[in-house]
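**Student:** Predicted model follows, preceded by the sequence.
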Amino acid sequence: MKKLWPDFWDTSCSTHVHQNETYKQAGERRLNEELGFSCELKFVSKFQYQAKFQNVGSENEICSLLIGNYTGDIKSNLDEVSEYKWINFEQLKKEINDTSSSPWLKIAFQKYLEYFNNKLK
């Protein structure tokens, strides 16, 4: 079980970039490790966040947001993923501020909204 934010809703996958690896390569690697599939990813945004989790610890990280499309089966790694669900955009908008969402998911979702709105202009 994860030490920080265990059983919180998170992005599709999260990871740290290895030496000599791009954000895109790291995302594609981790999708396969956590969810058992890969797809082409596109860089959307980068952001910094800092958050404390109870009395357990804190994070201060730089994150990148990547997006991709996938419609196949999920083969989640139970050592990494306790649960997953497909959720549509409107439902996520309703649930994102729930206390069971990780702090970086909330920021990433705002970055995605900015990206999406800019594409519509």
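**Tutor:** Structure received.
**Student:** and Gln110, that's in a helix?
**Tutor:** Yes - assigned with DSSP: H, G, I helix; E, B strand; the rest coil, Gln110 falls within a helix.
**Student:** give the contact list for it.
**Tutor:** Going by CB atoms under 8 Å, 6 or more residues apart in numbering, Gln110 touches no other residue. The way it works is simple: take the backbone N, C-alpha and C, and place the C-beta from them, glycine included.
**Student:** where does this protein have low pLDDT?
**Tutor:** Across the chain, the ranges flagged by pLDDT under 70 are 1.
**Student:** any idea how far Cys63 lies from Cys13?
**Tutor:** 12 Å (CB to CB, to the nearest Å).
**Student:** for Lys85, same thing?
**Tutor:** 14 Å.
**Student:** the more surrounded of the two?
**Tutor:** Ranked by neighbour count (other CB atoms under 10 Å), Lys85 and Cys13 place Cys13 first, with 20 against 7.
**Student:** So that one: helix, strand or coil?
**Tutor:** Under three-state DSSP, Cys13 comes out as coil.
**Student:** Quick check: it touching Gly36?
**Tutor:** No - here Cys13 does not reach Gly36: they are 10.7 Å apart, not a contact under CB atoms under 8 Å.
**Student:** where along the protein do the helices fall?
**Tutor:** 23-35, 89-95, 103-120 (DSSP state H).
**Student:** And the contacts of the first one?
**Tutor:** Applying CB under 8 Å, 6+ apart, the set of residues contacting helix 23-35 from outside is 12-18, 21, 37-43, 46, 64, 66, 68, 74-77, 80-81, 84.
**Student:** I appreciate the help and will end here.
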